[in-house]
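1. what's the 3D shape of this:
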Amino acid sequence: MSVLLTGGTGFIGLNVAEALLDEGVSVVLYAASPPRPEAEAALQGKRGRCVFLRGDVLDKSQLDSAWREHGITSVIHGAAVTPDERRELDGGAGVVQVNCIGTLNVLDTALKHRADKFVYLSSIAVYGTSTVSEPLLDEEGTAGKPENLYEITKFAAERMALRYKQLTGLNVTAARLGDIFGPWEYETGVRDVMSAPFQTTRMAMLGRRARLPRRGHKSWVYCRDVAGAVVALWKASALKHEVYNVSSPCQWSVADWCDLLAKRYPHFSYAIAESAKEANVRLFADNAPMSIDRLREDTGFEARYDLRRAFDDYMDWADKHAAMITG
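-> Predicted coordinates for the structure are as follows:
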């Protein structure tokens with residue numbers, strides 16, 4: 001039994017891979033680029049067996065070969081391009097191809113080979129402008145109002161995956177991942193804006209001064225909690241719903257993170273910029289919290305990392321992998 005993990009060498013993919021391998025599951029990392037040497041070494045030390053396959057979600061023959069050669073039984077589909085405004089303008093067609101057509105290709109392959117589970121890694125982005133207009137993001141009650149290209153393609157791909165379930169009976173679950181940060185976040189070439197905790201941690205390690213456009217308060221969720229939730233959804237024998245928010249009950253600000261960084265790195269400092277133009281840290285919207293009642297009730301999952309615990313764990317990881325942050 002093996003899990004096909006598309007986008008497996010990216011930020012979220014590596015965290016999910018670690019969690020699966022810790023459970024003794026065999027994982028096939030399917031991605032356009034191999035894992036960094038640091039990541040490969042970490043994955044090979046786990047209980048489960050890990051194999052990397054260079055592949056493209058736009059190539060159905062590669063997907064088919066991967067399935068036949070490695071005894072794959074289920075899929076966690078995370079391959080995606082997260083564009084900034086420049087890529088929206090210059091490479092929008094490529095974003096749509098990977099995020100939407102790629103998802104259909106993986107769905108087709110999973111159906112052809114009778115996958116027993118298909119977990120689609122969706123995003124808080126599907127809520128679009130509702131993230132700042134609503135007090136709480138609920139899977140059923142909050143309307144999706146996607147605006148930018150990433151939001152639009154993630155919304156479309158999620159709906160396509162769930163429509164596929166209706167048409168074919170494929171066992172599809174969508175996990176809407178919240179505002180994520182933590183280990184294995186690095187420059188991959190397909191994620192154009194890094195998380196604010198990553199940006200400020202890089203500045204701290206380089207001894208630079210961060211200028212925030214605002215405090216940046218929201219429900220930041222640590223990547224190890226995200227991976228644990230995704231695996232819990234993948235393992236669940238019977239789920240009551242098709243869509244689950246994955247987030248944290250802990251709310252804090254990027255300024256709170258910077259306070260901790262300043263204590264650890266004496267050459268680092270930060271301030272709130274007087275204008276957005278003066279800021280050197282990019283922050284996305286201060287999103288409303290996501291309801292995680294469904295996730296708790298149906299899987300028993302509970303987030304383990306508050307601000308302090310996440311900071312300590314991330315700093316321990318950063319000490320060992322500094323080049324992935326500062327390089």
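2. touching, H321 and P183? I think so.
-> Yes: H321 lies in contact with P183 (CB atoms under 8 Å); the separation is 7.4 Å. Backbone N, C-alpha and C define where each C-beta goes, glycine included.
3. between those two, tell me which one has more neighbours.
-> Neighbours were counted for H321 and for P183 using other CB atoms under 10 Å; P183 has more, 25 against 18.
4. which residues are in contact with the more buried one?
-> N15, C223, R224, D313, Y314, W317, A318, H321 (CB atoms under 8 Å, 6 or more residues apart in numbering).
5. okay if I get those residues as JSON lines plus distance to L53?
-> Supplementary listing: those in JSON lines, determined by distance: CB to CB, whole Å:
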{"residue": "N15", "distance to L53": "19"}
{"residue": "C223", "distance to L53": "23"}
{"residue": "R224", "distance to L53": "25"}
{"residue": "D313", "distance to L53": "30"}
{"residue": "Y314", "distance to L53": "29"}
{"residue": "W317", "distance to L53": "26"}
{"residue": "A318", "distance to L53": "29"}
{"residue": "H321", "distance to L53": "24"}
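6. now, these that are in strands?
-> Here DSSP state E is the test, and the contacts of P183 give no hits in strands at all.
7. got the residues you listed as CSV, with pLDDT columns?
-> Listed next are these as CSV, based on pLDDT from 0 to 100:
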residue, pLDDT
N15, 98
C223, 98
R224, 98
D313, 98
Y314, 98
W317, 98
A318, 97
H321, 96
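8. filter these down to the ones in helices?
-> Those of these mapping onto helices are N15, C223, R224, D313, Y314, W317, A318, per DSSP state H.
9. I72 touches H113, doesn't it?
-> Yes: if you go by CB under 8 Å, I72 and H113 touch, sitting 6.9 Å apart.
10. okay, the two: which has more neighbours?
-> Taking other CB under 10 Å, I72 and H113 do not tie; I72 has more neighbours (23 against 16).
11. OK, contacts around that one?
-> I72 sits next to S2, V3, L4, V28, A66, H113, A115 when contact means CB under 8 Å, 6+ apart.
12. bridging residues for it?
-> I72 forms beta bridges with S2, as assigned by DSSP bridges.
13. what about it, distance to A174?
-> Distance of I72 to A174, computed by CB to CB, to the nearest Å: 20 Å.
14. which residues of the protein fall in helices?
-> For the chain, the helices defined by DSSP H cover 11-22, 37-44, 60-70, 85-96, 102-112, 130-133, 149-168, 196-205, 223-235, 254-264, 293-299, 307-320, 322-326.
15. looking at these, which is nearest to V51?
-> Taking CB to CB, helix 60-70 is the member of these nearest to V51, at 6.5 Å.
16. residues of that closest one that come out buried?
-> Within helix 60-70, the residues scored as buried using 16 or more other CB atoms under 10 Å are K60, Q62, L63, A66, W67, H70.
17. how far off centre is it?
-> 24 Å (CA atoms, centre = their mean, to the nearest Å).
18. mind giving me the packing neighbours of that helix?
-> The contact analysis (3 or more CB pairs under 8 Å, 6 or more residues apart in numbering; DSSP states H and E) places helix 60-70 against strand 2-6, strand 26-31, strand 50-54, helix 102-112.
19. do I have it right that M1 meets R49?
-> No: in this structure, M1 is not within contact of R49 by CB under 8 Å, at 10.6 Å.
20. these two: who's more crowded?
-> Higher neighbour count among M1 and R49: R49, with 15 against 9, using other CB under 10 Å.
21. could you export stretch 306-316 as PDB, CA atoms only?
-> Output in PDB follows, covering the C-alpha atoms of stretch 306-316 (Å, rounded to 0.1, in the frame of the first residue of the first chain):
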ATOM      1  CA  ASP A 306       0.400  27.500  20.100                       C
ATOM      2  CA  LEU A 307       2.600  30.400  19.400                       C
ATOM      3  CA  ARG A 308       5.300  29.500  21.900                       C
ATOM      4  CA  ARG A 309       5.500  25.800  21.100                       C
ATOM      5  CA  ALA A 310       5.500  26.500  17.400                       C
ATOM      6  CA  PHE A 311       8.300  29.100  17.800                       C
ATOM      7  CA  ASP A 312      10.500  26.800  19.800                       C
ATOM      8  CA  ASP A 313      10.000  23.900  17.300                       C
ATOM      9  CA  TYR A 314      10.600  26.100  14.300                       C
ATOM     10  CA  MET A 315      13.700  27.600  15.800                       C
ATOM     11  CA  ASP A 316      15.100  24.200  16.500                       C
END
